[in-house]
Every structure is written in C-alpha cells, then in structure tokens.
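Visitor: sequence first, predicted model second:
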Amino acid sequence: MHDVIVVGAGPGGASAASACASKGLKTLLIDEARFPRYKLCGGGISEAARKLLGFNIPKNIIEREVSAFRLTRRNMAFEFRPGRRLITMVLRDAFDTFLAEKAVDAGADFSQGERATGVRRARDGMEVTTSKAVRKARCVVGADGVNSVLAQHVRPAFGKFELALAVGAEVPAPAKFMEDEFGDTLEIEVGSVHQGYGWIFPKRRVLSFGYVTVLPFASGLRHTLSEYIRKRGFHGNYEVTGHMIPMPGRLKKCWADRLLLVGDAAGFVDPLHGEGIRYAIKSGRLAADVLAEALESDDLSAEALARYGALCREDFMDDFKWARRLSRIIYPPSGLFFWLAECNPSVIENFVETLSGENEYEKFFKWSAPRFPLFMATALGKKIVKKTGIAGRH
Ligand SMILES: Cc1cc2nc3c(=O)[nH]c(=O)nc-3n(C[C@H](O)[C@H](O)[C@H](O)COP(=O)(O)OP(=O)(O)OC[C@H]3O[C@@H](n4cnc5c(N)ncnc54)[C@H](O)[C@@H]3O)c2cc1C
C-alpha cells in the first residue's frame, strides 16, 4: 500500500512524484513506457519553467539555448533579439528521463512498462488496475497525458474546440547550416494555418519542425508541415507524427475523491502557444502540496481536494482567459499583429516577458489595448516612409 500512486512519468507526474516523495510520502510512479522514451514535442523549456524546476538542467541534456526568435509570415520576416536567454531546448526522451530520475532520487518507486487500465475506489483507498497488477494507495495522481485513462473518472472528454492537433518532425541538418541559419534563434511562422502557427526549434543535430492549430482547422496540417520543411530546403529523411494538445483555456474539473489530475490530463496548456511543460510541473507540485495536507488531516474527499482546482485557477488558469483573447488577435490571417509587432518592438518586448513569467497575459493585454492607436499610427507612419521615402519632420 502506497500513500500516492502517480500514473504517468512525464513532467507532470515526475514533478508530482518528486514533491510527494520529498514530503516523506510513500510514492509509486508508473509509466506504460520504458525510459528513455520518445515524446513528440518542441522541447522548448521557457525561462518560467526553468525557474520553476528549482535545479539546473544538466549541460548534456541542453540541446541549445535560444535568445532570439525570427517571426516569419509569407515572404516577410523580422528578428527579435532581447539579449537574454528565452528558451532552453531539450529532447524529451533525455529531459523526461532526468526528471523521473529526480523522483527516484527523492525516494519514489518507479515502475516502467506498466500501463494503468482503470482506477476504482476501495474501502480505505484507491485501486489502480495495471497491465501488471492491482496497485493500492490512499490517493492517486493522474498524470497520464491528453488521453488520460484516469480523467474518465473525473470529467467529460475534451470537446473538439478544446483540443489542438500538433504535427512535428525532427529533421537532421548539417552543422554549418544549423549555425549559419539558426545558431541561438528559433523560428515561428504565422499565416499558413488558421488559429495556429508553425515552428522550427533548433536542437544540436536536428531541427524540430511543427505546426499546431485547434482540431476543427487541422485538416491538411501534415501537408502544410511537409511544405514548410520542403521550402526550407529539406527532402525525405524525416517522419511526420501527430499528437493532441488539450487547450480548454478554462478550468475543467480536475479533482475527485482521492484523485487529482495534473498537466495535460487536466488540460493545463497555454491556449495561445501550447506551452505545457511549465504547467505540468507547476500543477504536479500543487497536487503534491494539497495531497500531503489532505493525507495529514485524513480528508481526501472531493470537497477537500477542490482546493487544488482553486490553486491552479489562481496560479495560471485565470490568466489563460487572456491568452485566449490574445489568440483571436494574434492569429487571424490579416497579419495585423505581425505588422504591429514588426513596427513596434515594445510589443514583442512585453510579450516575451510572459514567457519568462515576469508578465501575465492580463497585464500584457491591458498594457497593449490602450496603446493600440499609437501602435497603428507608428506602423502607418513607417509604411508611408517606406513607400514614399519621405522621412517626416523630426
Ligand atoms: C508537437 C508538440 C510540441 C510541443 N511543444 C512544447 C514545447 O516546446 N514546450 C512546452 O512547454 N510544451 C510543449 N508541448 C506540450 C507538452 O508536450 C505537454 O504539455 C507536456 O508533455 C505535458 O506533460 P504531462 O506530464 O502532463 O504529460 P506527458 O508528457 O504527455 O506524459 C504523460 C506520460 O504518461 C504516460 N502514460 C499515458 N497513459 C498511461 C497509462 N494508461 N498508464 C501509464 N502511463 C501512461 C505516457 O507514457 C507519458 O510518459 C508540445 C506538445 C506537442 C504535441
């Protein structure tokens, strides 16, 4: 009998298991895969996520540190280089293995190649049925990703507007090309898909290409990705795979008697650009805090665990409402945001602070909305100067 069983050893589960074990709880972490396992992901760790980790990522796991990005739209492009690190690139097989090892170091038992098939309440706890055994614990954390088996016991399935499809490919690239074309720069492409974007995240030896958009607009996404890769000069040698990303953008029920959901299983992904690792780590830690207290007071009822939902709402879910609003401004095909951002560097400067956790979407929205006429005037002024060559009076 464990105190906690954590199902799924991605960033959410590994963080929950580490935190539970560090608090002295007898913790079992299980995953259907054997680590290191491949996980389709851009592998971009924001500065906010890095700070949350609270420990250094070993050098051999860091594929590249990015301190600039290039925004492209049709045949236009501009680069933004704020002079500080923005994102750390990792490959998820190595990164997730490292996090799982941290959980083991903290004292968690880790069972790999064990698939959870169901969970049910027993007299004095929970029973998790797996491909190997029936496991017992006083409470359970569902960290089993977007297709969570455990979530079926907590909330209805995500609707099609709450899910995004992401497709990606790791494309090997010559070292010289990587340095000349990318170096410390990642690329974001807007305008090819409705309500979504494409990316090129440079790693050591491969470029991770991808596209993401909400499910109803996702037809032809693989083709769009292949075209993107072809236009950047690559042919053949890669495989395109796809994976769902949950982006409900508002809090869904993520607690039940003796059961909490974290990370993708709970739908904790930024609905503007799909960052999920940061919220998987954060929610894993919050779940451990709430469960430790509930175990201590021996009240693991849904009513007591509802506090976890409130903490997640307060910490990040409330701000996702503003992220959704922004997505309606940033993604429309008119390219208005692209143009305004290109002509007004302060827009991008403020926006990237949301990636480092120094700014919130609500604050960014409220900062930019009243300045919109000014941004428009600046952009129009620059357009007139460009077209006429007349550089107004100073
Ligand atoms: C193409 C793509 C690109 C992305 N790029 C980024 C990015 O650059 N940065 C970022 O922050 N986020 C990115 N994300 C989102 C990010 O990958 C997820 O939000 C994050 O992995 C969520 O972590 P998690 O621990 O909740 O779930 P996961 O990482 O999905 O881990 C779930 C784990 O549960 C295991 N599992 C599943 N079912 C069972 C079961 N029944 N029994 C036992 N084990 C089970 C799986 O094997 C897996 O190890 C991207 C997603 C996609 C699809």
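Guide: Here it is on my side, so go on.

Visitor: which residues does the closest residue to Gly263 other than its chain neighbours contact?
Guide: Distance criterion C-beta to C-beta, 6 or more residues apart in numbering; nearest residue to Gly263, sequence neighbours excluded, is Gly12 at 2.7 Å. Where C-beta positions appear, they are placed from N, C-alpha and C, glycine not excepted. If you count contacts by C-beta atoms under 8 Å, 6 or more residues apart in numbering, Gly12 has them with 143, 262-265, 268, 280-281, 283-284.

Visitor: could those residues go into a markdown table alongside distance to the ligand and neighbour count?
Guide: Formatted as a markdown table, the contacts of Gly12 follow (distance: C-beta to the nearest ligand atom, whole Å; neighbours: other C-beta atoms under 10 Å):
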| residue | distance to the ligand | neighbour count |
| --- | --- | --- |
| Ala143 | 5 | 33 |
| Val262 | 6 | 33 |
| Gly263 | 2 | 34 |
| Asp264 | 4 | 29 |
| Ala265 | 6 | 30 |
| Phe268 | 7 | 29 |
| Ala280 | 4 | 30 |
| Ile281 | 8 | 29 |
| Ser283 | 8 | 31 |
| Gly284 | 7 | 31 |
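
Visitor: Glu358: which of those residues is nearest?
Guide: Ile281 (17.6 Å; C-beta to C-beta).

Visitor: what's the first helix or strand after the host helix or strand of that closest one?
Guide: Assigned by DSSP states H and E, Ile281 belongs to helix 277-297. Following helix 277-297 in sequence order, the next helix or strand is helix 302-312 (DSSP H and E).

Visitor: the helix holding Ile281: how far from the chain's middle?
Guide: In terms of C-alpha atoms, centre = their mean, to the nearest Å, the centre of helix 277-297 is set 18 Å apart from its chain centre.

Visitor: what's the pLDDT at Val171?
Guide: Among the per-residue scores, Val171 holds a pLDDT of 95.

Visitor: what's near enough to touch it?
Guide: So Val171 contacts 206-209, 229, 234, 237-238 (C-beta under 8 Å, 6+ apart).

Visitor: now do the SS call for it.
Guide: Secondary structure, DSSP: H, G, I helix; E, B strand; the rest coil: Val171 is strand.

Visitor: distance of it from Val90?
Guide: Per C-beta to C-beta, to the nearest Å, Val171 is found 17 Å from Val90.

Visitor: ok, now Pro271?
Guide: On the measure of C-beta to C-beta, Pro271 and Val90 end up 23 Å apart.

Visitor: Thr241 now?
Guide: Counting by C-beta to C-beta, the gap from Thr241 to Val90 is 18 Å.
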